[in-house]
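Trainee: could you work out the structure for the sequence below:
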Amino acid sequence: MQVKLMPDAVRAPAFERTLPAVNEAANWVSSVGFERFGLKGAVRELRKLCYGELKARGFGAQAAQHIIKRVADAYTTLRAGIKAGNLGGEGSKRRIKAESKPVVFRPDAAHTFDDRCLSWNYDARTVSIWTLDGRIKNVRFVCSADALKQLTEHRKGESDLLRRDGMWFLIATIDVPDTEVFEPRGFIGVDRGINNLATTSDGTNYTGRRLSRYRRWQARKKAELQARRTRSAVRLLRKRVRREARHATHINHRISKDVVAVAQRTERGLALEELRGIRERVTVRRDQRATQSSWPFHQLGSFLEYKARRAGVPFIEVDPAYTSQRCPRCGHTARANRPTRDHFSCRRCGLAGPADHVAGVNIAKRGSSAWVLVNAPVPGPA
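Mentor: Below is the predicted model:
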């Protein structure tokens, strides 16, 4: 949950000094740990090396601990990403680059505060927060009424302080309990794509035609700004990139909210195709490469998942193989069943229709089968 901080002219300089200093200290801890341990530095070892120096630099005990833990967590994440192959195989350029230098934190990167360094007053809508200038109290924050209710009832754990476009924000962790999942009467299959952002097995189609025009217009404007090569053009380019990301997030929220509402009303579950690694598996036309690489397909899936869990709607991911080439009536699977990108026509039984709708129906069927297998009772010992 994100809230906006409103420090006045007296308190704002303390924030401006603290966040860059914290990130500079994190970079120092990272370089010391990398020089001594490589990518294998842990909290205990980094604490022995760096805690005393951080205290001497003016950081409180808890702030110093957070800086050290943050650096250790960054290396843990990096090691996990390398192990999972996210940076390529052994010897790849990305992996060599990541392994050859310490982790670096931006001057305005978010920093973590726990309840010892940060306290909330929900009634007054203020926070008290640690800075290098001491504890600053009664810093006002603003948010919607719904967000304030979520914070009051479900905030738990740490919060991150960050600066964006000259404004200060706190991102608080909230722990909302999942609603009990009901037993579905069937499943709604959701097929995600480029031209049609989402198509359900019910035939509902969330077309991306208007969005494609918007993104092409944004691409032209960004190209014009890139050609200028001035500082003001760079600032405007960053603003446009963030605006486009917010627009995509809004659309994904709207689609996922509608789909989950239908599933909840009809007491059905949601089935999505598993798209991990789709950019490596699937080839698209040259003019669609940028769209495939930039549109947040995973974000739409994650929105559907968390909204479904919050509403108690069963959610499952299924194998996406041949969902748009398989006939849902007779089961015949062939590339010839999809003569064009948008049309499906079974060569065996003659069933025809929009390819995305057919894929959604196949996904729904696989979801029902997978749900039965996942929730089947485990046989007891003989």
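
Trainee: now stretch 12-27 - C-alpha only, CSV.
Mentor: C-alpha atoms of stretch 12-27 as CSV (Å, rounded to 0.1, in the frame of the first residue of the first chain):
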residue,chain,number,x,y,z
ALA,A,12,12.1,17.9,3.9
PRO,A,13,15.9,18.6,4.0
ALA,A,14,16.3,15.8,6.6
PHE,A,15,14.7,13.4,4.1
GLU,A,16,16.9,14.7,1.3
ARG,A,17,20.1,14.1,3.4
THR,A,18,19.0,10.7,4.8
LEU,A,19,18.1,8.6,1.7
PRO,A,20,21.2,9.4,-0.4
ALA,A,21,23.4,8.8,2.7
VAL,A,22,21.8,5.5,3.5
ASN,A,23,22.3,4.3,-0.1
GLU,A,24,25.9,5.5,-0.1
ALA,A,25,26.5,3.5,3.0
ALA,A,26,24.8,0.5,1.4
ASN,A,27,27.2,0.8,-1.5
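
Trainee: for that stretch, which outside residues touch it?
Mentor: Residues from elsewhere that reach stretch 12-27, judged by CB atoms under 8 Å, 6 or more residues apart in numbering: 5, 7, 54, 57, 59, 63, 67, 70-71, 102, 104-109, 111, 131-134, 136, 161-163, 168. Bear in mind the C-beta positions are built from the backbone N, C-alpha and C, glycine included.

Trainee: repeat that with 7 Å
Mentor: Outside stretch 12-27, the residues that touch it by CB atoms under 7 Å, 6 or more residues apart in numbering are 7, 54, 57, 59, 67, 70-71, 104-109, 111, 131-133, 136, 161, 163, 168.

Trainee: now, of those, which are buried?
Mentor: 7, 54, 59, 67, 70-71, 105, 109, 111, 131-132, 136, 161, 163, 168 (16 or more other CB atoms under 10 Å).

Trainee: mind listing which of the contacts of stretch 12-27 are in strands?
Mentor: The strands, defined by DSSP state E, take in H111, T131, I136, L161, R163, W168 from these.

Trainee: so what pLDDT did the nearest residue to the last one once chain neighbours are set aside get?
Mentor: With CB to CB, 6 or more residues apart in numbering as the measure, L5 is the residue that lies nearest to W168, at 4.0 Å, once sequence neighbours are left out. At L5 the predicted local distance difference test score is 95.

Trainee: make 54 the starting number, not 1.
Mentor: In the new numbering, first residue 54, that becomes L58.

Trainee: I figured L58 hits V192, correct?
Mentor: Yes - between L58 and V192 there is a contact at 5.8 Å, judged by CB atoms under 7 Å.

Trainee: tally of neighbours for L58?
Mentor: Counted with other CB atoms under 10 Å, the neighbours of L58 add up to 21.

Trainee: would you say it is within a strand?
Mentor: Yes - according to DSSP: H, G, I helix; E, B strand; the rest coil, L58 belongs to a strand.

Trainee: what's near enough to touch it?
Mentor: When contacts are counted by CB under 7 Å, 6+ apart, L58 is found next to V192, F194, W221, F222, L223.

Trainee: just the element for the residue positioned nearest the centre of the chain, please.
Mentor: Centroid-nearest residue in the chain, with CA atoms, centre = their mean: Q352, separated by 5.8 Å. Per DSSP states H and E: Q352 is located in helix 350-364.

Trainee: in that helix, what's buried?
Mentor: Residues of helix 350-364 classed as buried by neighbour count (16+ other CB under 10 Å): F350, Q352, L353, G354, F356, L357, E358, K360, A361, R362, A364.

Trainee: so what's the backbone phi/psi at C402?
Mentor: When read as degrees, to the nearest 10, the backbone of C402 gives phi -110, psi -10.
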